[in-house]
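*Asks:* Could you look at this predicted model? Sequence included:
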Amino acid sequence: MREHVAVLRALGADVREVRTPAQLAEVAGLVIPGGESSVMDKLSRLFGLRDPLRARIADGMPVYGTCAGLIMLADRVHDAIEGQQTLGGLDVAVRRNAFGTQLDSFETDLAMPVLGDAPVHAVFIRAPVVDEVGPGVDVLASLSDGRIVAVEQGRLLGTSFHPEVAGETRLHERFLDHVAAAS
């Protein structure tokens, strides 16, 4: 999370960490970082954040989910652990750890025309992949083999990879544009 905070602050954003429903009520947008999606799910329920998060997403709050954050935004998870829930809102189906273990992590450059001509340097760490997209979802980037790794639906943005680790700021800029448009 600290990498996201650093990128957003460098872009001029007022950044606050959210751990309670009261803190959630104070923000105009949210970045859900990487981590372990099943743990995030359990903690969101334990701390009473799941329902307020779902409501804010349904009301149009801009959210950017990276890696496990993408899983949390997905409406469907093909290989969820028993009882695992998501926040939903993004009409996609994802597959957790689609590229293998931590040892299978990799980096690559991706074409992402919506962000300009320069490729996006993407770092994949135990990353999910988007298996299915609904009719309102825009595919922003795919690997050369066709696997979808970046999507957007309205004010929801999701990437399988970690741009914050690679020093890539354009996705965070796009997220902040969504926040500005929603305000």
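*Replies:* Ah, there it is.

*Asks:* Tally up the residues packed near Ala127, please.
*Replies:* Residue crowding around Ala127 was assessed by other C-beta atoms under 10 Å; the count is 29. Yep, even glycine has a C-beta here, placed from its N, CA and C like the rest.

*Asks:* I figured it hits Phe99, correct?
*Replies:* Yes: here Ala127 reaches Phe99: they are 5.3 Å apart, a contact under C-beta atoms under 8 Å.

*Asks:* Report the set of residues contacting both of those two.
*Replies:* Common contacts of Ala127 and Phe99, defined by C-beta atoms under 8 Å, 6 or more residues apart in numbering, comprise Ser105.

*Asks:* got the phi/psi numbers for Phe175?
*Replies:* Dihedral angles phi and psi of Phe175 (degrees, to the nearest 10) take the values phi -60, psi -50.

*Asks:* so how far is Met72 from it?
*Replies:* In this view, Phe175 and Met72 are 15 Å apart by C-beta to C-beta, to the nearest Å.

*Asks:* Let me know the secondary structure of the residue minimising distance to the centre of the chain.
*Replies:* Nearest to the mean C-alpha position of the chain, by C-alpha atoms, centre = their mean, lies Gly65 at 1.2 Å. Following DSSP: H, G, I helix; E, B strand; the rest coil, Gly65 is assigned to strand.

*Asks:* ok but Ser38 is inside a helix, no?
*Replies:* Yes: the assignment for Ser38, made by three-state DSSP, places it in a helix.

*Asks:* Extract the C-alpha set from stretch 97-106 and format it as PDB.
*Replies:* Coordinates of the C-alpha atoms in stretch 97-106 are reproduced here as PDB (Å, rounded to 0.1, in the frame of the first residue of the first chain):
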ATOM      1  CA  ASN A  97      -2.900 -16.800  -9.000                       C
ATOM      2  CA  ALA A  98      -3.300 -17.400 -12.800                       C
ATOM      3  CA  PHE A  99       0.400 -17.100 -13.500                       C
ATOM      4  CA  GLY A 100       1.600 -19.500 -10.800                       C
ATOM      5  CA  THR A 101       3.500 -18.900  -7.600                       C
ATOM      6  CA  GLN A 102       5.700 -16.100  -6.300                       C
ATOM      7  CA  LEU A 103       8.600 -17.800  -8.200                       C
ATOM      8  CA  ASP A 104       6.600 -17.300 -11.500                       C
ATOM      9  CA  SER A 105       6.400 -13.500 -11.100                       C
ATOM     10  CA  PHE A 106       7.500 -11.600 -14.200                       C
END
